[in-house]
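>>> Compute the structure for the input listed below.
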Amino acid sequence: MTSLEQILKLKSQMAESIIGQEDVITKILIGLLTDGNVLLEGLPGLAKTRAVKSLAKNLDCSLSRIQFTPDLLPSDITGTEIYQPQEKDHFVFQQGPIFSNLILADEINRAPAKVQSALLEAMEERQVSVAGKTYKMDPLFMVLATQNPIEQEGTYPLPEAQLDRFIMKVLITYPGNDEELKIMRLVRSEAGAKETKADVIPQKAVFDARAEINKVQVKEPAEKYIVDLISATRYPENFGKDLKRWLNYGASPRGSISIDRCARAVAWLDGRDYVTPDDVRFIIHDVLRHRVILSYEANAEMINADSVIDELLKNVAVA
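Below you'll find the predicted structure:
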């Protein structure tokens, strides 16, 4: 079985327990294949946590769930040194839950900034520094954070610098009526049923897929299209009066790098070894919605980031 067939099998297995959220499953897998971190935003009960658990269940990997609360400490995540008098150095590092393959950072915006920042080094550098020593993460490492968009009491909005570390911000919406019916029937069938062992996909399939994605070609017209889209977020006055009013700050170079990586993953999942403008358009909302900073006028007019990105796509032509 090829790596593509294994990843598509993983997607199919996840879809069996996550109904009506095929787009979310695809985006999570793209985050996994691009060695990135994903922020999942949606109302309570829309299967954010279930989606992450389903990925861990069907992939040969470990999962740590960290429930973020206002009283959480950085050492609760990274781990700490424990005094052991019988040891030669007397102090032994006890690993925290961050040392796992998949990290479910549940309701990440409930923890204060110093706790949120404890994730930054692990997310970006794939390592943790404690008491002057550096500890490497496993080769397969991914943070999947969730947050509730409507709760404001007792929450701490993620700073732009941390949001930029997530390769994508994926929005989870309500399922349709037909999907809702299937969800009820699925949960009803799961009640009291024996849990069967899933046919897990090995980690090697992910690493092989990443190697193949690195070989996917991005021709100059597609490259220029990506750069032009990012440039339009920085210099909106060149692309229409509305964009100029709505945008305060554009995306950093991480934006163009992330679009490039994700578009290659989209092409690979579609069985192609080249990127098309449609691949860029498929992923651009998830890559940019947390990277553009809107103006006061945009917020006053109830214009969200997705609407701004739609306007970008209308005004930026394919080379």
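>>> and Tyr296, how many neighbours?
10 (other CB atoms under 10 Å). Using the backbone N, CA and C atoms, a C-beta is placed for each residue, glycine as well.
>>> longest helix anywhere in the chain?
As assigned by DSSP state H, the longest helix anywhere in the chain is helix 253-269.
>>> What's the first helix or strand after that one?
Once the chain leaves helix 253-269, the next helix or strand it forms, by DSSP states H and E, is helix 277-288.
>>> what helices or strands is that next one leaning on?
Packing partners of helix 277-288 (3 or more CB pairs under 8 Å, 6 or more residues apart in numbering; DSSP states H and E): helix 22-33, strand 168-172, helix 220-234, helix 253-269, helix 305-315.
>>> Distance from that helix to the middle of the chain?
14 Å (CA atoms, centre = their mean, to the nearest Å).
>>> buried sites along that helix?
Neighbour counts using 16 or more other CB atoms under 10 Å place Pro277, Asp279, Val280, Arg281, Phe282, Ile283, Ile284, His285, Asp286, Val287, Leu288 of helix 277-288 among the buried residues.
>>> Span of stretch 236-250 from start to end?
By CA to CA, to the nearest Å, the extent of stretch 236-250 from end to end equals 9 Å.
>>> who's in contact with it?
230-235, 291-295, 297-298, 301, 303, 308, 311-312, 315-316 (CB atoms under 8 Å, 6 or more residues apart in numbering).
>>> Please report the number of neighbouring residues for Glu297.
14.
>>> list the contacts for the residue nearest the centre of the chain?
Nearest to the mean C-alpha position of the chain, by CA atoms, centre = their mean, lies Val38 at 0.9 Å. Contacts for Val38 (CB under 8 Å, 6+ apart) come out as Lys27, Ile28, Gly31, Met142, Val143, Leu144, Ala145, Phe166, Ile167, Met168, Lys169, Val170.
>>> Repeat that for Val52.
Ile28, Leu40, Leu63, Leu102, Leu104, Leu144, Thr146.
>>> What is the three-state secondary structure of Ser100?
Classification of Ser100 by DSSP: H, G, I helix; E, B strand; the rest coil places it in coil.
>>> Could you pull up phi and psi at it?
phi -150, psi 170 (degrees, to the nearest 10).
>>> What of Ser129?
Dihedral angles for Ser129 - degrees, to the nearest 10 - are phi -110, psi 120.
>>> what does Tyr135 give?
The phi/psi pair for Tyr135 (degrees, to the nearest 10) is phi -120, psi 130.
>>> Okay, and the beta partners of it?
Val128 (DSSP bridges).
>>> how deep is Phe166 tucked in, by neighbour count?
26.
>>> Specify the local secondary structure of it.
Applying three-state DSSP: Phe166 is coil.
>>> can you pull the pLDDT of it?
Each residue has a pLDDT score; the one for Phe166 is 94.
>>> before we move on, what about Lys314?
92.
>>> how close does it sit to Leu229?
Plainly put, Lys314 is 11 Å away from Leu229 if you go by CB to CB, to the nearest Å.
>>> same thing with Thr49?
Counting by CB to CB - Thr49 and Leu229 are separated by 32 Å.
>>> Please identify which of the two sits among more neighbours.
Here Thr49 and Leu229 are set side by side on neighbour count (other CB under 10 Å), and the busier one is Leu229, at 25 against 18.
>>> Need the nearest residue in space to that one, chain neighbours excluded.
Once flanking residues are discounted, Leu229 sits nearest to Val316: 5.2 Å by CB to CB, 6 or more residues apart in numbering.
>>> got the contact list for the one you found?
With CB under 8 Å, 6+ apart, Val316 has these contacts: Tyr225, Asp228, Leu229, Ala232, Phe239.
>>> again, only using 10 Å
Tyr225, Ile226, Val227, Asp228, Leu229, Ile230, Ser231, Ala232, Thr233, Asn238, Phe239, Leu243 (CB atoms under 10 Å, 6 or more residues apart in numbering).
>>> now do Arg126
Contacts of Arg126 (CB under 10 Å, 6+ apart): Asp35, Lys136, Met137, Asp138, Pro139, Phe141.
>>> Could you do Val200 as well?
If you count contacts by CB under 10 Å, 6+ apart, then Val200 has Leu10, Gln13, Ala56, Lys57, Asn58, Leu59, Asp60, Cys61 around it.
>>> farthest pair in those?
The two members of these with the most space between them (CB to CB) are Gln13 and Cys61, at 13.8 Å.
>>> Mutual contacts of the two, please.
Common neighbours of Gln13 and Cys61 (CB under 10 Å, 6+ apart) are Leu55, Val200, Ile201.
>>> helix or strand for the first one, which one?
Right, the one you point to is Leu55. Using DSSP H and E, Leu55 sits in helix 48-58.
>>> Pull out the buried residues from that helix.
Going by 16+ other CB under 10 Å, helix 48-58 has these buried residues: Lys48, Thr49, Ala51, Val52, Lys53, Ser54, Leu55, Ala56, Lys57, Asn58.
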